[in-house]
Each structure stands twice: as structure tokens, then as C-alpha cells.
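Asker: What follows is a predicted structure for the sequence shown.
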Amino acid sequence: MKIRFGYVSTAITLWDASPSKTLTFTRYQQLSKQERNEKLLELTKLNLSHTLRMLYFNLAHEIELYRLSSSLVPLATHPEVFWDFVTPFKKEWQEIGELIKRHQLRVSFHPNQFTLFTSPQTKITDNAVIDMEYHYRMFEAMGVEDRGMMNIHIGGAYGDKVGTIVRFHENLKRLPPHIKRSMTLENDDKTYHAEETLLACEKETVPFVLDYHHHMANPCETPLEKLLPRIFQTWEHIDLLPKVHISSPKGEKEFRSHADFVDLEFIMPFVKMVKALGQDVDFMIEAKAKDQATLKLVEDMSKVRGFKRIRGAAIEIK
């Protein structure tokens, strides 16, 4: 079996490469109409340029997984700003997309924690649809809407977990079908554990992105090794390998917080579960050291007997 590794948003090894440079609405209001437009164009162009830098960095290090920044476009979904962020940058979007397609890179987005379909407030659901449409529009601009995925959490329980799940399924009907096809769900570290999230994924025919660290912080009664085959089955209807989020705790007292790097000992029990199934899988590293943590984990794992590094960010396990 094989494991590929990737990281989130910013290669910290690169100098000043953040793809998430932004503009607050307060600052936006203080600018003249011309200055507003110029600032939005300036920051978006810079973020797209930095994204391209990241992709070339990834290619140089044979990193095939990458989570794009959700903040590529400043104020893209603000109700008083809504602007055309595609037309001025058609060349840039297409250049990024061509690179992704040519090298068969796996890319994704992770909309923020406010993108929820569990809220009893209609406005929250409206905003969640708008945010998902924004992410999908970026995939379209790149020409990778057929392969890019957007990962979200179920959301809060609002004091009634059973009733809230019913509302989640009802609210999710608001999401256009073509966008829902690009959606994945992830278990979280406090509310909806792996089994609850799996049930929601199975009901909606949505792939499940297991977060192993979250599972360890918020375990379910059913052993993970029994759930894993079903979790992987949620990916069978699309042409992508199962994806898992990997990180390790900052410490015992800050168990839910992500450490700078990934502790191999912490994740090895899970790696052995995957090995037992013989399932190829992709690991998205969510450690604070991002690209450095990713490559260090690959190096650490390659030193284990039976683990062979076959690419810059890929391991074969025998």
C-alpha cells in the first residue's frame, strides 16, 4: 500500500509566500472607490502569485497533495462587497489550474468554521451556501471543478444533537447538487465524532475525511478499525483515494491543539490499521510547521522497517 502526504495553504520554507493576504471590511470602508478596487486587485493578484509559487515548490519536492487557501480573494463573500474576482485574473486562475491538471495534483479547500448547515438561523445557512459557491467558483476559474473537493464539519449541536442532525440534512438540500458533489465531511474534536459523521456521510453519499487527531480527542464507542472499511467505502463513488487528516497533540494539557510537527508514535496505531486493510490513502498534514512537518514525517516514517520512501512525499508500506 502507498501513502501520499500534503500540507495546508502555506509553505513556510518559502519567504513571504502567504496566499492569504487580506483586507478588513473596516479598512475597505475607509478607502475611496478607486482605492478599494485597486486594493482588492492588488491583494488577489499577490495571493494567486504566491499560490503558484507554492505549487512549484510542491512539484520540486514531489508533494502531490495541497490545500488551497480559502482566503485567496479578499472580501469575496461580504454582502456589501461581492465583486468579480475571476475576469481580471483569468490568466492567473488558468495557469494555476493547468499546473494542477498537468501534474495530477490533488487540491482541496476547507471553508471556515462558520460554513454550517446545522444552524436554526436561515441567514447562517444562506451564508454557508454563498461560501460554498465562492469556493466552487474558484475551482471553476481554475478548471478543476471536476477534481477539487471542499471539506466542512457538520457543526454545532445546539443542545439537541439528534434534532440538529435532522436539520443538517434538511438544510443541506439548499446546496446546489453540483456543489454538493464536491463536498466532504470531517469529524470534529468536540461534538460530532467519527461514527456520527460517518452516518451523515452515508446518508448523503458524501465522502468522509477522517481526522485521526480529532478522533483521539473525541472518540466514539465503536472501535475505529471497525469503522474504517465503511469510511473508505464513502470514497468509492468518486475517482479519488480516501483522504485522512493527520496531526498530533501539542501536549497533554493542550491535547486538541496541533503540534508543530507530527509525532510518529502517535499516528502509528492508525497507520497499522490502514496497512491491515491494504488501502492506499492520502494524508493531509495539519501540523503548524506545514511543509516542513510533512517532509519530516515522510523522512521519519521511511526509517521504519518495511516503510520505503518512493517519492519526495510518498511512502510504500510492505
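Answerer: Cool, got the structure. Residues are numbered from 1 along each chain as shown.
Asker: Can you name the next helix or strand after the helix or strand of the chain with the lowest mean pLDDT?
Answerer: When each helix and strand of the chain is scored by mean pLDDT, DSSP states H and E, helix 25-30 comes last, with a mean of 89. Following helix 25-30 in sequence order, the next helix or strand is helix 33-60 (DSSP states H and E).
Asker: Return the set of buried residues in that following helix.
Answerer: Residues of helix 33-60 classed as buried: 36, 39-40, 43-44, 47-48, 50-51, 53-55, 57-58 (neighbour count, 16 or more other CB atoms under 10 Å). Quick note: C-beta positions are derived from backbone N, CA and C, even for glycine.
Asker: Kindly report the same for stretch 184-202.
Answerer: 184-189, 191-198, 200-201.
Asker: Could you tell me the end-to-end distance of that stretch?
Answerer: In terms of CA to CA, to the nearest Å, the two terminal residues of stretch 184-202 are separated by 11 Å.
Asker: likewise stretch 249-258?
Answerer: End-to-end distance for stretch 249-258, by CA to CA: 5 Å.
Asker: and what of stretch 8-15?
Answerer: End-to-end distance for stretch 8-15, by CA to CA: 16 Å.
Asker: Buried residues, it. List them.
Answerer: When burial is assessed from 16+ other CB under 10 Å, stretch 8-15 yields the following buried residues: 8-11.
Asker: which of these lies closest to residue 131?
Answerer: Within the buried residues of stretch 8-15, proximity to residue 131 (CB to CB) peaks at residue 9, which comes in at 16.7 Å.
Asker: That closest one: what's it in contact with?
Answerer: 19-20, 67-69, 290 (CB atoms under 8 Å, 6 or more residues apart in numbering).
Asker: go again using 6 Å as the cut-off
Answerer: By CB atoms under 6 Å, 6 or more residues apart in numbering, the residues touching residue 9 are 67, 69.
Asker: what do you get for residue 164?
Answerer: By CB under 6 Å, 6+ apart, the contact list for residue 164 reads 118, 157-158.
Asker: again, but for residue 217
Answerer: Residue 217 touches 189, 255-256, counting by CB under 6 Å, 6+ apart.
Asker: rewinding a little: of the buried residues of stretch 184-202, closest to residue 272?
Answerer: Nearest to residue 272 among those, with distances taken as CB to CB, is residue 194, at 17.2 Å.
Asker: Could you measure from the nearest residue to that closest one once chain neighbours are set aside over to residue 109?
Answerer: Nearest residue to residue 194 in three dimensions, chain neighbours excluded: residue 187, at 4.5 Å (CB to CB, 6 or more residues apart in numbering). Separation of residue 187 from residue 109 (CB to CB, to the nearest Å): 18 Å.
Asker: In a markdown table: the contacts of residue 217, plus secondary structure, distance to residue 180 and pLDDT.
Answerer: Listed next are these as a markdown table, based on DSSP: H, G, I helix; E, B strand; the rest coil; distance: CB to CB, whole Å; pLDDT from 0 to 100:
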| residue | secondary structure | distance to residue 180 | pLDDT |
| --- | --- | --- | --- |
| 189 | coil | 25 | 95 |
| 255 | coil | 33 | 94 |
| 256 | coil | 29 | 92 |
